[in-house]
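Student: next comes the sequence, and after it the predicted model I'd like to discuss.
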Amino acid sequence: MKESLLYTIESFPPLPESIHQINELCRVEEVDLRAFTRIIESDPLLYTDILRFSNVPSHGFRYPITSISQAIALFGISTIRGMALSAALRAHPFRDISPYGISISEWFKVMEKQQRFTDLWLGKKHRSILQSAGGLTFILEIGRLVASYALMLENRSHTFVENGPDGLFLEEAALLGKSGDGLAAQLFLHWNFDPLFVNALEYSLMPEEGIEPKSCAALKCARTLFTLRGIHPFETIEPLLGKFYFEPDDAKTAYEIVMTQP
């Protein structure tokens with residue numbers, strides 16, 4: 001890796017210490033739930049944002065979720081970890097996503113749609129895919145932020161023109177020497193995240209090359225439908241669904257539900 005990209009990874013502002021503590025807990029097969037809960041409860045930022053997200057009306061709960069232990073019981077460790085990562089990014093000191101022609105709030109909205117789609121689609125019949133992703137569904141476009149940071153460090157002005165995720169991947173690689181996904185994967189490896197998380201991040205647009213191809217294919221479906229430049233028709237992912245033996249009906253239902261939400 002060229003020196004400038006290595007500096008991008010080493011100098012990228014870190015996530016809060018609480019995220020790194022959560023990450024260490026999640027590296028073992030049996031997570032210590034009490035320790036996991038204590039870490040979140042001791043960080044006001046994570047605590048507030050996770051409860052806020054847990055109580056959005058689209059979840060359809062009749063009663064409010066008032067504690068982190070309650071949220072963990074309802075959503076599971078992986079989803080709560082994803083909520084924590086999203087909360088940390090919302091407070092991150094670097095928030096310039098302008099090279100992609102969108103605002104930081106629009107960037108988060110894209111990822112919210114991607115996460116909502118994967119949760120609705122995979123939550124019942126393919127829960128193991130969500131679990132193996134380790135919360136990645138909440139931050140699938142993190143590579144765009146890392147690529148923007150690399151451009152800032154190099155004092156380069158650029159506006160990406162490609163519309164689809166595959167095109168952006170190639171445009172980033174041509175401009176920077178490595179795609180945003182590749183940079184983000186190296187960053188999370190530097191932060192000592194587990195190998196499956198890092199691999200799924202790096203190969204979420206190249207599922208055949210990932211350790212868990214079907215999981216990566218599911219992530220690619222979300223990124224293909226809900227992009228930085230707009231929403232694509234459901235038919236766009238039908239070949240991918242067929243290739244990886246996903247039944248299309250559940251995915252289409254999830255897509256239609258997300259499309260009805262603001």
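Tutor: Received, thanks. Residues are numbered from 1 along each chain as shown.

Student: which secondary structure element is home to Pro246?
Tutor: Quick fix: residue 246 is Phe, not Pro. In this structure, Phe246 sits in neither a helix nor a strand according to DSSP states H and E.

Student: residue contacts, it?
Tutor: 126, 214, 217-218, 221 (Cβ atoms under 8 Å, 6 or more residues apart in numbering). Just so you know, the C-beta spots here come from the backbone N, C-alpha and C atoms, and that holds for glycine as well.

Student: who wins for neighbours among the residues you listed?
Tutor: Ala218 (30 neighbours; other Cβ atoms under 10 Å).

Student: can you classify that one by secondary structure?
Tutor: helix (DSSP: H, G, I helix; E, B strand; the rest coil).

Student: need the residues that contact the helix or strand of the chain with the lowest mean pLDDT.
Tutor: Sorting the helices and strands of the chain by mean pLDDT, DSSP states H and E puts helix 127-133 at the bottom, at a mean of 85. By Cβ under 8 Å, 6+ apart, the surrounding residues in contact with helix 127-133 are 76-79, 118-119, 122-123, 137, 196-197, 200, 212, 214-215, 218-219.

Student: and that helix, what's buried?
Tutor: Neighbour counts over helix 127-133 (16 or more other Cβ atoms under 10 Å) mark 129-130, 132-133 as buried.

Student: tell me which of the residues you listed is nearest to Ser98?
Tutor: Of all the buried residues of helix 127-133, Ala133 has the smallest distance to Ser98: 28.1 Å, by Cβ to Cβ.

Student: from Tyr245, how far out is that closest one?
Tutor: Distance, Ala133 to Tyr245, by Cβ to Cβ, to the nearest Å: 18 Å.

Student: give the buried residues for the longest helix belonging to the chain.
Tutor: The longest helix of the chain (DSSP state H) is helix 104-122. Using 16+ other Cβ under 10 Å as the test for burial, helix 104-122 gives 104, 107-108, 110-122.

Student: which secondary structure elements does that helix contact?
Tutor: Counting contacts by 3 or more Cβ pairs under 8 Å, 6 or more residues apart in numbering; DSSP states H and E, helix 104-122 is packed against helix 77-90, helix 127-133, helix 213-225, strand 226-227, helix 248-260.

Student: could those be laid out in CSV, adding distance to Arg52?
Tutor: Output for those, formatted as CSV (distance: least, Cβ to Cβ, whole Å):
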stretch, distance to Arg52
helix 77-90, 9
helix 127-133, 20
helix 213-225, 22
strand 226-227, 21
helix 248-260, 19
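
Student: out of those, flag the one nearest Phe169.
Tutor: Here helix 213-225 is closest among the helices and strands packed on helix 104-122 (Cβ to Cβ), at 9.9 Å.

Student: now the closest one: average pLDDT?
Tutor: Average pLDDT, helix 213-225: 97.

Student: one more: stretch 143-154?
Tutor: On average, stretch 143-154 scores 95.

Student: and that stretch, how far out from the chain middle?
Tutor: 17 Å (Cα atoms, centre = their mean, to the nearest Å).

Student: so for that stretch, what gets flagged as buried?
Tutor: Those would be 143-151, for stretch 143-154 by 16+ other Cβ under 10 Å.
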